[in-house]
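> The sequence and its predicted three-dimensional model are supplied below.
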Amino acid sequence: MQEAEEMLNAAEAEIEKTREAGAPLSAEDLSSITQEIGTEICEKIAALEKGASKKVSDALNFLAERRKDVRGTPQEKELEQFQARLGKIKASLAEAKKTASQQEQRFVSRKLQAEGLELVNEVEREVKKVEVAAEPLLASSSFLVRGNLHRLSGLVQDHISKGSSKDSVFQQACGERERVTLEGFQAFVTWILEQSGEDSRDVFLQQEVEAMFTHLDSDKSGDLTEKKFQDIFLDQFACVQPVSMTESFSISEGKSVLKLDLGVAVEALSRPQYDEQQKLTRLHCRLLEDSTKEGWVTMKGNQGKVFLDRLSPHSAHQKSLDRMMSASTKVVNKASSFLSARRKELNDCSNGPLLEAKVKMEEFKVKASSLQRKLDEIKKKVAEAAKEYEKCEAQQKRARSDARDKRLLDAMTKAIEQELHTLKAEEKRIAEVVAPLTNGADLEVLDAPVSILKDGKEMAEKLKEQSAAARKSIQQHEVPQGVAAGTATSMRQVISTSLSEVDTVIKTVNALVKAVNSSAVKVAEAIQRRVQLALRQEVQRRDIRIEVIFDEISNGGHTASRSDLSRCLNNLPDLKLTTEQISLMLDRIIGDNSEDGVISRWNFLRRFQQFYECQKTIALTHDLAITNSKPIRMLNAEEAIEVLEGPRGDEKSGIERIRGRAVRDNTIGWVSVSGNQGSVFLKERPKPFVHCLVDLPLEKSFRSSGEAPVRSLKTNEVLEILEGPRQDSRDAVMRVRCKVFTDQLEGWVTLNSAGEMQAQTGQQRFWKCKTGVAVTDGPNIKLCKVLRKMEVGELIRLLEGPEVDKESGVTRIKALCLKDGLEGWVTTLGNAGTLYAEEKSDIYSVSCDELPLQKAYGDLSSGTIRMLRKDEAFEVLEGPKEFRPEPVERMKGRALADGAVGWVTATTKRLKRWYPNYICKQNTVLQTTVSIGPTAGLVRRVEEGELLEVLDGPKEDSEAGVLRVKVKTRKDQAVGWITLKGNQGTLFLIQWSRRDEEQLKQKQKSLQEGLGAAKEKE
């Protein structure tokens, strides 16, 4: 039983140890017990409980086995006592276990609460840290200012890196002061931007510069000390490669403070410095997320590796905050995970110490969730603030961009307006200069029209050049890249509007020049009328014709020089004109304002002769007075009359009358211009000319006699009408169709004209070859030499003979071979009676100087094949036939090309009224000479549709075989020679009358009115 006693004693001792081991956990304050100690106690209690339970179990088994052995023995009672004692030990063990469990639960509860509280407090600290770090980011305006300082810092540091220093930069900002004032700071910003090649107005707005100064002036003193100024250099950087932060500048001597991870943001405490020994760039800085940690960091390694990248203040703080938020999120997640796990573990606890822990876990979870929401709210606010910052930054950039755009737009507008102002001022000056010619005053009294015209044109040309330069300059104003769409549109609008204004100036000046030219024409026309009158008075005074005056001026030539004409006009007693007035008129009628200019006879006459056209039949009388004045004859409608005197008014009737020469028959007399009842009898018309529609003969006499013409007129040649048209009633003539022996041409000739024979038989003797015979060089057939052999049918004309050769007995004649003009001796009759050549008595020969061979029987005036020469022979194929020509209208004219005078038959198919105006039908050239040859210089190209006034010609360029006219262009008054029709048939010019021009103006007016009405309708 001794052993049983020992076992029970051991069990009781083990239980007592268990109680003693749990005693520390029964204390009221468990704060002194660490988690490790508490865990060790709990583990010890568990081990003691396990040992006590084993000892009790061993004692129970031992007693159960001993019961069999002592049953019925005195030791059975003792065993029962051991059993009772073992029961108490078991109860004591259970109580010890319960006590230990409660103590352990109390410890665990307290420790769980302490751990949960610590985690929640850590989360709260992290959230507070994030909240504090986020505050600057929620105020975007300060970061906008700091962002501008960041940009300014970059410019300053770039300048310093080029050899300057912080001290010299500060002195530049101070100027002559010891501190930097607002004005000095503004000037410094402008200066540093100029040094970097930037325009301060494009980089910083005025208000941005002021805001930077205010930010640096933290104590509101109104100026910056050097320390405040150095705050410009407080840049922020982000770690782009992991690098260590050391305590000192030297890596070898400095101890590592910490390792910067990728993305960690730091703030510079000074400018970067270069380590000459290590060949490194180092920066003294501090962590943005923990300002207590500062040291030196390598920015750039000696192999060029970059560790720190410059950031804007906002980006740096954002990166730092992002890291803090990431860390805080981890802490929150850790706390949430812990609390969730503990809540799950304590879910079944309904009493005891762990119930208190369960309740606390719930409270901690609620607080942790609240902190999580707060963190999320901070994240949301920071995200919104970031968007707001981006928005503000974009607005700031847009404001700078708008300011720059406005400055560029204003500068462009100002530059263009200056150019336009210059143009408009010059336009106004031109208008003032030419005002005497354009203000509607009495133009005839202008003494110096040429000077006004010249000055106005020169100024206009200069203004056109200025306008062209201004247009080019304006077009060079390109829209800069990067400007806003609205500004670009405004710039384009300014350019477009300005170009329109330049065009308006040009149009106005062109209109002024046109008005000046028009007024100059009116002045010239008024002067021309005065010259016409003075010349008529001179002609009347001297009782001569105006052609005599031209002959005097030109010394009998076809042209007169400008200087001689001017001298003549100045000498007219009834003409009082200034030199400029005469010069203006001569400029218009001659086209060449140099002293070498000439005027042709016809141009002189058309300018200074005055003609009227009869509108209604009216009497041509002897006297000015209508009363008792006998008519000479009646003027018919469309008859032309040249003014020789007047117009003068009839004293009794007051009717205006002129004394004139009827062009039709040179009858001179007086005729009324208009009646006293308003009837118009005469209308002023240009001097009459006609041009040839086909080639025509210019004949010597009024009556077409078939004699040789003066010359042949070519198509498009022009005639000045001297007399006619009037009717020619011609006598009958004899016509034959014949063949000319010389060239075998066939046609019709007139045998007689005006009672005289033009071709007849018998006046020449002809022989016709019957048998082939030789033509020799002498009469002696034995001694002569053969020239050629005659062909059968060949005709020869007798020159000498016939003679009979006494020795040979042959008959020979000296003759002219009509075939080739060969002269020689021919045997006509042989000594045996052979007939070699037979005399022909029906051969005609021309008896006049020239005789036209014509195509048709009934055409005496055109269709000439060629002119037959005197003595030329022909044989009659048909006729003679009597031909009685129809009466024709004949007209005497003078060819403008060479002054040849003669008569032509006037029909609508042959002649047409000619006006000295052409319109260009096909692009061609205006040249300096009548000849197209290599010596002809180019004046300019003439475009299709241009109007031209003829000054001289048409004249023939014999080498080119074309007619040319000297013209003055309506467009720009250019003068030169131009081809009417090319030698290949290309028509360059067509006639253009005043009626055509009036019709064109009417069409243009109607078109403009129609367009105007359409616009109003729209």
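Looks like it arrived, so ask away. Residues are numbered from 1 along each chain as shown.

> Low-confidence ranges, the stretch 201-350 of the chain, go.
201-203 (pLDDT under 70).

> Can you show me the strands along it?
Ranges of strands in the stretch 201-350 of the chain, per DSSP state E, counting those that start in this stretch, are 223-224, 236-239, 243-246, 256-260, 265-268, 273-275, 280-287, 294-300, 308-311.

> The ones you listed into TSV, with extra columns for mean neighbour count and distance to residue 499?
Bear in mind the C-beta positions are built from the backbone N, C-alpha and C, glycine included. Putting those into TSV (neighbours: other CB atoms under 10 Å; distance: least, CB to CB, whole Å) gives the following:
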stretch	mean neighbour count	distance to residue 499
strand 223-224	22	50
strand 236-239	22	51
strand 243-246	20	61
strand 256-260	15	62
strand 265-268	23	54
strand 273-275	14	57
strand 280-287	20	56
strand 294-300	21	55
strand 308-311	19	47
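
> now those strands in JSON lines, with distance to residue 16?
Formatted as JSON lines, the strands of the stretch 201-350 of the chain follow (distance: least, CB to CB, whole Å):
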{"stretch": "strand 223-224", "distance to residue 16": "81"}
{"stretch": "strand 236-239", "distance to residue 16": "63"}
{"stretch": "strand 243-246", "distance to residue 16": "59"}
{"stretch": "strand 256-260", "distance to residue 16": "54"}
{"stretch": "strand 265-268", "distance to residue 16": "63"}
{"stretch": "strand 273-275", "distance to residue 16": "72"}
{"stretch": "strand 280-287", "distance to residue 16": "58"}
{"stretch": "strand 294-300", "distance to residue 16": "60"}
{"stretch": "strand 308-311", "distance to residue 16": "68"}
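
> Output the longest helix belonging to the protein.
As assigned by DSSP state H, the longest helix anywhere in the chain is helix 353-433.

> Strands of the stretch 501-650 of the chain, residue ranges please.
Along the stretch 501-650 of the chain, counting by DSSP E, counting those that start in this stretch, strands occupy 559-561, 598-600, 611-614, 618-621, 631-635, 640-649.

> which residues touch the second one?
Read that as strand 598-600. When contacts are defined by CB atoms under 8 Å, 6 or more residues apart in numbering, strand 598-600 is touched by residues 558-562, 565, 586, 589-590, 592, 607, 896, 951-952.

> Kindly report the same for the longest one.
Applying CB under 8 Å, 6+ apart, the set of residues contacting strand 640-649 from outside is 536, 539-540, 609-614, 624, 635, 655-664, 668, 671, 673, 682, 685, 688, 721.

> Quick one: buried ones out of the contacts of strand 598-600?
With burial judged by 16 or more other CB atoms under 10 Å, the buried subset of the contacts of strand 598-600 is 560-562, 565, 586, 589-590, 592, 607, 896, 951-952.

> just checking, which of the residues you listed belong to helices?
Reading helices off the buried ones among the contacts of strand 598-600 with DSSP H, I get 562, 565, 586, 589-590, 607.

> CSV for those, including pLDDT?
Shown next, in CSV, are these (pLDDT from 0 to 100):
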residue, pLDDT
562, 88
565, 89
586, 87
589, 85
590, 84
607, 89
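
> Which of the buried ones among the contacts of strand 598-600 sits closest to residue 854?
Minimum distance to residue 854 across the buried ones among the contacts of strand 598-600 is 26.7 Å, recorded for residue 896 (CB to CB).
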